[in-house]
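*Asks:* one predicted model, sequence on top.
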Amino acid sequence: MALFVVLSGVILTALLLVTGFILRLFVVLRNGPEYKPGQKGSVSVLVVAGSGGHTTEIIRLLGSLSHSYNPRHYVIADTDKMSEEKIRTFEAEREKSDSTSQFTLQRIPRSREVRQSWSSSVLSSLNALFSSVPLVFRLRPDVVLCNGPGTCVPLCAAGLLLGILGLKRVLIVYVESICRVETLSLSGKMLYYISDYFFVQWAQLKDKYPNAIYMGRLV
């Protein structure tokens, strides 16, 4: 029975990914490059923070962005014990130079724990997706910004769904972690085909993934 549930989850996930990719392609071709959120004001950004180095990198990246990226909605896994303090420290410093700065902190179930089995990660990923959809639909960000933690996959899927339903077009911006030199992370491999902007930080990755954007080191 347990095996049947796992297999059913895998099949359902695969069907959703294939359907999402086809619909995503249709949306991109229909809207084209003219879509630029925040052209007439601030840009609401949903920032996916992962534990450890992922959070450090995404904070460095945010530090180089203008104050127009506001508000910032941070999403972290419910088992992440380190990221919240880093985020609050960063935002406290940012507030000193920008009194209009706004941010929120949200938590969702983690998609996959370190060393978690692949069979059980299917169910945990579905659980994360069920939490991500109502969150993203409530926040309605202009951009989802992420750099590799597994938590970003269901959030990007929810952003994709928001656009598919015609409620709001959400740009998905993925910046592969600096530590990925020769190969993409698992999250990167999954989001390479649906991201609006996919950045890599090593030239050899650009050679392997021609649709990626290489601008040197970003963080």
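*Replies:* Perfect, I can see it now.

*Asks:* what is the least confident helix or strand in the chain?
*Replies:* Sorting the helices and strands of the chain by mean pLDDT, DSSP states H and E puts helix 2-31 at the bottom, at a mean of 51.

*Asks:* show me what the following helix or strand past it pairs with in its sheet, parallel or antiparallel.
*Replies:* Using DSSP states H and E, the helix or strand that follows helix 2-31 in sequence is strand 45-48. Paired neighbours of strand 45-48 in the sheet (DSSP bridges): strand 72-77 (parallel), strand 143-146 (parallel).

*Asks:* mind checking which of those is nearest residue 111?
*Replies:* strand 72-77 (7.8 Å; CB to CB). Glycine gets a C-beta too; all of them are placed from N, C-alpha and C.

*Asks:* which residues sit against that closest one?
*Replies:* Outside strand 72-77, the residues that touch it by CB atoms under 8 Å, 6 or more residues apart in numbering are 44-51, 55, 62, 83-84, 87, 91, 102-111, 135, 139, 141, 149, 151, 155.

*Asks:* just the ones of those residues in strands?
*Replies:* When DSSP state E defines the strands, the subset of the contacts of strand 72-77 inside them is 45-48, 103-108.

*Asks:* count the neighbours of the nearest residue to residue 182 once chain neighbours are set aside for me.
*Replies:* The spatially closest residue to residue 182, leaving aside those adjacent along the chain, is residue 204, at 6.4 Å (CB to CB, 6 or more residues apart in numbering). Neighbours of residue 204 under the rule other CB atoms under 10 Å: 12.

*Asks:* helix, strand, or coil at residue 204?
*Replies:* helix (DSSP: H, G, I helix; E, B strand; the rest coil).

*Asks:* just the pLDDT for it.
*Replies:* In the predicted model, residue 204 carries a pLDDT score of 95.

*Asks:* check contacts around residue 45.
*Replies:* 69, 71-73, 141-145.

*Asks:* should've said residue 151
*Replies:* 48, 50, 75-77, 108, 110-111, 128.

*Asks:* I'd like those as a markdown table, with pLDDT and neighbour count appended.
*Replies:* Formatted as a markdown table, the contacts of residue 151 follow (pLDDT from 0 to 100; neighbours: other CB atoms under 10 Å):
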| residue | pLDDT | neighbour count |
| --- | --- | --- |
| 48 | 96 | 29 |
| 50 | 85 | 25 |
| 75 | 97 | 28 |
| 76 | 95 | 26 |
| 77 | 92 | 22 |
| 108 | 94 | 23 |
| 110 | 81 | 23 |
| 111 | 73 | 24 |
| 128 | 89 | 25 |
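
*Asks:* out of those residues, which is nearest to residue 217?
*Replies:* residue 50 (18.9 Å).

*Asks:* ok, now which ones touch that closest one?
*Replies:* 58, 76-77, 80, 83, 147-152 are the contacts of residue 50 under CB under 8 Å, 6+ apart.

*Asks:* and which of those residues is nearest to residue 97?
*Replies:* residue 58 (19.2 Å).

*Asks:* ignoring the adjacent residues along the chain, who's closest to the closest one?
*Replies:* residue 147 (5.2 Å).

*Asks:* got it, and residue 104?
*Replies:* Closest to residue 104 by CB to CB, 6+ apart is residue 73, at 4.9 Å.

*Asks:* beta-bridge partners for the one you found, please?
*Replies:* residue 46, residue 104.

*Asks:* how far away is it from residue 201?
*Replies:* 25 Å (CB to CB, to the nearest Å).

*Asks:* perfect, that will be all.
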